[in-house]
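# okay, predicted coordinates and the sequence, questions at the end:
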Amino acid sequence: MISLHWAVFQLPIHLVDYVVAHELAHVRVAGHGPEYWRLLGRALPECRRLKTELDELGRRVWMGDLA
Ligand SMILES: [Zn+2]
C-alpha cells in the first residue's frame, strides 16, 4: 500500500509516474542510498532527469496553503 499527497495530481502525468515509481521503489528499499537509485533506475531509466524536473516544478505546486 502506498499513499500519495493529493497535490501530486496537479503535476504533468509523466511526473505522477515518477512519483508513483519512486514510492513503489521504497517498498523494496528504504531511504535514498545508491541501492535505491539503482532499483529506481532499472524501473525508470530517466529517473534522474525526472527528479530534477520534479524538484523544479514541485516548488510551484499548490499545497493547499491559502495564506
Ligand atoms: Zn523517496
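Sure, I can see it.
# ok, the residue positioned nearest the centre of the chain to L66 distance?
Nearest residue to the geometric centre of the chain (Cα atoms, centre = their mean): V19, 2.6 Å. From V19 across to L66, the span is 24 Å (Cβ to Cβ, to the nearest Å). C-beta coordinates here come from the backbone N, C-alpha and C atoms, glycine included.
# one more: L50?
29 Å.
# ok, the two, which is more surrounded?
Neighbours were counted for L50 and for L66 using other Cβ atoms under 10 Å; L50 has more, 19 against 4.
# state the mean pLDDT of stretch 42-54.
Averaged over stretch 42-54, pLDDT sits at 95.
# swap in stretch 13-32?
Mean pLDDT, stretch 13-32: 95.
# returning to what we had before: so who does the residue nearest to the centre of the chain touch?
4, 8, 11, 54 (Cβ atoms under 8 Å, 6 or more residues apart in numbering).
# so which of the residues you listed sit within strands?
Among the contacts of V19, no residue falls in strands (DSSP state E).
# give me the PyMOL select line for those residues, limited to the buried ones.
Buried residues among the contacts of V19 (16 or more other Cβ atoms under 10 Å), as a PyMOL selection:
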select buried, resi 8+11+54
